[in-house]
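In: I would like the atomic coordinates for the input below:
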Amino acid sequence: MNAKATLTHCTLLLALVAAAGLVQAADDKDVVWVQNDSFGFAACSAVATGPSSEELSVTTRELNERAGADVSAVLRASGVQLAQSQFMTITPVNGALACAGKDSRVTYHVTAIDQVSGQLWASDMAVSGGSASLDRVAMNQMAGDLARHFSVAVAKASTR
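Out: A predicted model of the protein is given here:
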């Protein structure tokens with residue numbers, strides 16, 4: 001992506017993040033959750049009735065907590081320390097509820113933004129209800145990509 005396209009994308013993303021009612025701060029002040037009005041869980045054809053709103057809420061909360069923990073782990077592993085002009089956004093893109101022996105899952109679009117340099121890094125991250133966190137290979141790759149993008153010496157990634 002060329003510099004102009006990157007800056008345009010960054011500007012649009014910042015405008016979206018600044019829009020009222022679309023942002024929900026996470027525990028970490030440098031991580032911002034961006035609501036996606038078109039996000040929803042794919043229905044399970046094996047189940048006659050859909051989940052209750054409470055079940056959806058619990059599933060969403062658990063997967064979001066897992067995604068937040070995974071993003072924090074990737075940041076630690078990459079050695080990237082977000083400053084005032086840097087932050088990350090996490091946006092749910094698509095998901096599926098547990099069905100036919102498969103766990104619930106959500107794919108999140110994760111973006112790291114440096115407002116001063118105009119640098120932007122983005123990756124998709126799949127989180128499953130059955131996994132404790134991102135697998136080691138995926139985490140190492142994301143951490144390495146993020147560190148290289150922000151020119152940080154890569155710390156050895158470690159998972160719990």
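In: what are the ranges of the helices in this protein?
Out: For the chain, applying DSSP state H gives helices covering 3-18, 53-78, 136-149.
In: Just tell me which of these ends up closest to Asp124.
Out: Put simply, out of the helices of the chain the one that sits nearest Asp124 is helix 136-149, at 9.8 Å, with distance taken as C-beta to C-beta. Where C-beta positions appear, they are placed from N, C-alpha and C, glycine not excepted.
In: Let's have the helices of the chain in CSV, adding mean neighbour count.
Out: Shown next, in CSV, are these (neighbours: other C-beta atoms under 10 Å):
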stretch, mean neighbour count
helix 3-18, 13
helix 53-78, 17
helix 136-149, 18
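In: tell me, which of those helices is the model least confident about?
Out: Comparing mean pLDDT across the helices of the chain, the weakest is helix 3-18, with a mean of 40.
In: For stretch 92-101, measure first residue to last.
Out: For stretch 92-101, the first and last residues are 23 Å from each other (C-alpha to C-alpha, to the nearest Å).
In: Quick one: mean pLDDT over it.
Out: Mean pLDDT, taken over the full extent of stretch 92-101, equals 89.
In: Just give me how far that stretch sits from the chain centre.
Out: A distance of 16 Å separates the C-alpha centroid of stretch 92-101 from that of its chain, computed with C-alpha atoms, centre = their mean, to the nearest Å.
In: Sort out which residues of that stretch are buried, please.
Out: Of the residues in stretch 92-101, those buried by neighbour count under the rule 16 or more other C-beta atoms under 10 Å are Pro92, Asn94, Gly95, Ala96, Leu97, Ala98.
In: swap in stretch 105-120?
Out: Buried residues in stretch 105-120, defined by neighbour count with 16+ other C-beta under 10 Å: Arg105, Val106, Thr107, Tyr108, His109, Val110, Thr111, Ala112, Ile113, Asp114, Gln119, Leu120.
In: The second one reaches Gly95, doesn't it?
Out: Yes. With contact taken as C-beta atoms under 8 Å, Val106 and Gly95 are classed as touching, separated by 3.9 Å.
In: returning to that earlier point: so can I have a markdown table of the helices of the chain showing distance to Ser128?
Out: Formatted as a markdown table, the helices of the chain follow (distance: least, C-beta to C-beta, whole Å):
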| stretch | distance to Ser128 |
| --- | --- |
| helix 3-18 | 26 |
| helix 53-78 | 8 |
| helix 136-149 | 11 |
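In: Phe87 is nearest to which of these?
Out: helix 3-18 (8.2 Å).
In: thinking again about what came up before, go through the buried residues of stretch 105-120 and name the one nearest Phe39.
Out: Once C-beta to C-beta is applied, the member of the buried residues of stretch 105-120 that ends up nearest Phe39 is Val106, at 8.3 Å.
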